[in-house]
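# Sequence plus the predicted model coming up.
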Amino acid sequence: MTKIVFFDIDGTLLNHEKQLPARTKEAVKLLQNKGVYTAIATGRAPFMFEDLRKELNIESFISFNGQYVVFEGEAVYLNPLHIDPLRNLVAQAKEKEHPLVFMNESKMRSNHPQHTHIETSFRSLNFPHPESQPDFYQQNDLYQTLLFCSEEDEMNYREQFPEFTFIRWHPYSLDIVPVGGSKAVGIERMLERLPFELEDVYAFGDGLNDIEMLQAVGTGVAMGNAHPIVKEQADMVTADVADDGIFLALEKLGLI
């Protein structure tokens with residue numbers, strides 16, 4: 001194998017209805033048949049895309065926006081959130097009545113039994129409201145926490161918690177990861193296991209959490225449905241995920 005392609009999930013592999021288009025599945029299979037290494041790079045937790053990995057026959061992935069990296073079934077990089085600033089953030093969020101969802105590699109738990117913002121955000125991912133377990137963060141290493149607040153309130157958290165990076169993925173919700181953590185760092189860690197030259201590394205994405213990844217690889221491809229800022233940072237812009245954007249780009253790049 002002389003080339004590798006990393007794929008984001010939501011809005012990239014999965015369409016607007018959270019379905020895997022037939023032509024996208026075909027494109028990944030064609031890549032694999034041609035000896036191109038395929039991997040996933042997502043903000044999702046590993047347990048949230050097990051079925052997709054099986055369907056695409058992909059065993060290597062970067063999850064939690066780079067904090068939990070698995071190479072061919074083996075965890076090779078773990079970067080959990082620091083507990084002390086997390087405790088302070090939990091306390092402040094409770095005071096402001098902003099709910100949280102705590103996530104490790106195998107499960108997620110909320111600190112609120114039922115909240116409209118959690119319900120609405122998770123519905124966009126086709127996931128139900130997580131079970132409530134307010135002390136989950138004290139008993140487990142967390143690789144990502146979700147904070148549910150407005151953009152106005154977001155700035156206060158950014159200023160008060162420099163130990164974390166905040167990435168908005170929904171009008172109601174933010175990913176919280178260790179500062180400096182990104183999909184680009186996750187890719188760097190995985191490439192330590194693989195003998196690829198940078199010019200032979202490709203990545204596809206559509207969200208703000210994909211910018212560093214698209215800049216770090218040899219060829220960064222933004223989907224047609226990507227955020228305008230993401231398109232500006234990409235080497236190439238392809239069609240919308242609903243219009244076979246992955247297949248068309250791989251074809252144009254000569255990878256399939």
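All right, it came through fine.
# So what touches stretch 100-115?
45-47, 63-64, 68, 75, 90, 93-94, 99, 118, 129-134, 136-137, 140-148 (C-beta atoms under 8 Å, 6 or more residues apart in numbering). Every residue, glycine included, has its C-beta placed from N, CA and C.
# Mind checking which of those residues are buried?
Buried members of the contacts of stretch 100-115, counted by 16 or more other C-beta atoms under 10 Å: 45-46, 63-64, 68, 90, 93, 99, 118, 129-130, 136-137, 140, 142-148.
# Can you flag which of those residues belong to strands?
63, 68, 144-148 (DSSP state E).
# Next, give me the two most distant ones among the residues you listed.
Tyr68 and Phe148 (21.8 Å; C-beta to C-beta).
# what ranges do the strands span in this protein?
For the chain, the strands defined by DSSP E cover 4-7, 37-41, 61-63, 68-71, 74-78, 100-103, 108-110, 144-148, 164-170, 173-178, 201-205, 219-222, 236-237.
# can you put the ones you listed in CSV and add mean pLDDT?
Below are the strands of the chain laid out as CSV (pLDDT from 0 to 100):
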stretch, mean pLDDT
strand 4-7, 98
strand 37-41, 98
strand 61-63, 98
strand 68-71, 96
strand 74-78, 96
strand 100-103, 98
strand 108-110, 97
strand 144-148, 97
strand 164-170, 91
strand 173-178, 94
strand 201-205, 98
strand 219-222, 98
strand 236-237, 98
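# Just the CA trace of the worst-scoring helix or strand of the chain on mean pLDDT, in PDB.
Least confident helix or strand of the chain, by mean pLDDT, DSSP states H and E, is strand 164-170 with a mean of 91. The C-alpha trace of strand 164-170 is given here as PDB (Å, rounded to 0.1, in the frame of the first residue of the first chain):
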ATOM      1  CA  PHE A 164      -9.700  22.600  26.500                       C
ATOM      2  CA  THR A 165     -10.500  23.100  22.800                       C
ATOM      3  CA  PHE A 166     -14.200  23.800  22.100                       C
ATOM      4  CA  ILE A 167     -15.600  22.800  18.700                       C
ATOM      5  CA  ARG A 168     -19.200  23.600  17.800                       C
ATOM      6  CA  TRP A 169     -20.900  20.800  15.800                       C
ATOM      7  CA  HIS A 170     -24.600  21.800  16.400                       C
END
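# which regions of the protein sit below the pLDDT cut-off?
Confidence mapping of the chain against pLDDT under 70 gives the ranges 1.
# again, only using 90
1-2, 124-126, 167-169, 180-181, 193-195, 208 (pLDDT under 90).
# Just give the closest residue to the most centrally placed residue in it, not the sequence neighbours.
Nearest to the mean C-alpha position of the chain, counting by C-alpha atoms, centre = their mean, stands Gly43 at 1.8 Å. Spatially, and ignoring its direct neighbours in sequence, Gly43 is nearest to Asn65 (4.6 Å; C-beta to C-beta, 6 or more residues apart in numbering).
# Kindly report the same for Phe164.
Counting by C-beta to C-beta, 6+ apart, Ile176 is the residue found nearest to Phe164 once chain neighbours are left out, at 5.0 Å.
# doesn't Asn209 make contact with the residue nearest to the centre of the chain?
Yes - proximity of Gly43 to Asn209 meets the contact threshold set by C-beta atoms under 8 Å, at 5.3 Å.
# any shared contact partners between these two?
Counting by C-beta under 8 Å, 6+ apart, the residues touching both Gly43 and Asn209 are 65, 167, 169, 175.
# so can I have TSV of these showing distance to Glu188 and neighbour count?
TSV is the format used below for the shared contacts of Gly43 and Asn209 (distance: C-beta to C-beta, whole Å; neighbours: other C-beta atoms under 10 Å):
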residue	distance to Glu188	neighbour count
Asn65	13	31
Ile167	18	19
Trp169	22	19
Asp175	19	24
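# With distance to Ser124 added, can I get the residues you listed in JSON lines?
Shown next, in JSON lines, are the shared contacts of Gly43 and Asn209 (distance: C-beta to C-beta, whole Å):
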{"residue": "Asn65", "distance to Ser124": "17"}
{"residue": "Ile167", "distance to Ser124": "15"}
{"residue": "Trp169", "distance to Ser124": "9"}
{"residue": "Asp175", "distance to Ser124": "14"}
